[in-house]
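S.K.: Structure of the sequence below:
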Amino acid sequence: MSARPAAAPLWRELAPVCLIVFLEFLAMGLPLSVLPMRVHGALGFGTFIVGLVIGFQSWSTLLTRHVAGTQADRRGPRRAAISGLAVSVLAGALYVASTFVPNATASLLVLLAGRALLGFGESLVITGALAWGVALAGRPRTGVVMAWVGIMMYGALAAGAPLGSSVEARVGFVG
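M.R.: Below you'll find the model as predicted:
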């Protein structure tokens, strides 16, 4: 009878999940410090519109969370999380595209579409990542999975805003 290989340490199993969550929330944090300057300074909109643009992603997340959960249940949590990253890349492409639109209102609408996609990407990533992490770690370690995912989320948000400011200062909004 052959010996069964030892299970990988939990941190090693959860590393891909944590990396995906970190990347998603970094993508969310990077524009937070520069969006107000883009919307107010470059496009000329007031503070209400700035707040609308910042909050638009959260509304999108709220409205798409059920869809993301359904996707994770039907297609698998790993696939949902990876799809969320792909959707978020498209959101970033719309951010860039908005800078090439000469009309301020049209540029704002493209930016809002990007914010909506980022919200949907977040829904897919966080729903998929949590379900994937619990499947890997087992139900008794659900709290550990949630804690590690939370650390990745807030660590990425905390790093994202100052990093976004630094990138914007060096290469502009498109960076």
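
S.K.: ranges for the helices of this protein?
M.R.: 10-29, 35-36, 47-75, 77-98, 104-137, 142-171 (DSSP state H).

S.K.: Just name the most buried of these.
M.R.: Stretch with highest mean neighbour count among the helices of the chain: helix 104-137 (a mean of 22; mean count of other C-beta atoms under 10 Å). Any C-beta I mention is one placed from the backbone N, CA and C, and that applies to glycine too.

S.K.: which secondary structure elements does it contact?
M.R.: helix 10-29, helix 47-75, helix 77-98, helix 142-171 (3 or more C-beta pairs under 8 Å, 6 or more residues apart in numbering; DSSP states H and E).

S.K.: Would you reformat the helices of the chain as JSON lines and include mean pLDDT?
M.R.: Shown next, in JSON lines, are these (pLDDT from 0 to 100):
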{"stretch": "helix 10-29", "mean pLDDT": "93"}
{"stretch": "helix 35-36", "mean pLDDT": "95"}
{"stretch": "helix 47-75", "mean pLDDT": "96"}
{"stretch": "helix 77-98", "mean pLDDT": "97"}
{"stretch": "helix 104-137", "mean pLDDT": "97"}
{"stretch": "helix 142-171", "mean pLDDT": "94"}
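
S.K.: on that earlier part again, would you mind putting the helices and strands packed on helix 104-137 into a markdown table with distance to L130 alongside?
M.R.: Below are the helices and strands packed on helix 104-137 laid out as a markdown table (distance: least, C-beta to C-beta, whole Å):
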| stretch | distance to L130 |
| --- | --- |
| helix 10-29 | 8 |
| helix 47-75 | 9 |
| helix 77-98 | 8 |
| helix 142-171 | 6 |
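
S.K.: With respect to L112, which of these lies nearest?
M.R.: helix 47-75 (5.5 Å; C-beta to C-beta).

S.K.: ok, V101 touching S107?
M.R.: Yes - look at V101 against S107 with C-beta atoms under 8 Å: they come within range, at 4.0 Å.

S.K.: check contacts around the nearest residue to A158 once chain neighbours are set aside.
M.R.: Excluding its sequence neighbours, the residue lying closest to A158 (C-beta to C-beta, 6 or more residues apart in numbering) is G29, at 7.3 Å. Residues near G29 by C-beta atoms under 8 Å, 6 or more residues apart in numbering: A156, L157, A158, A159, G160, A161, L163, G164.
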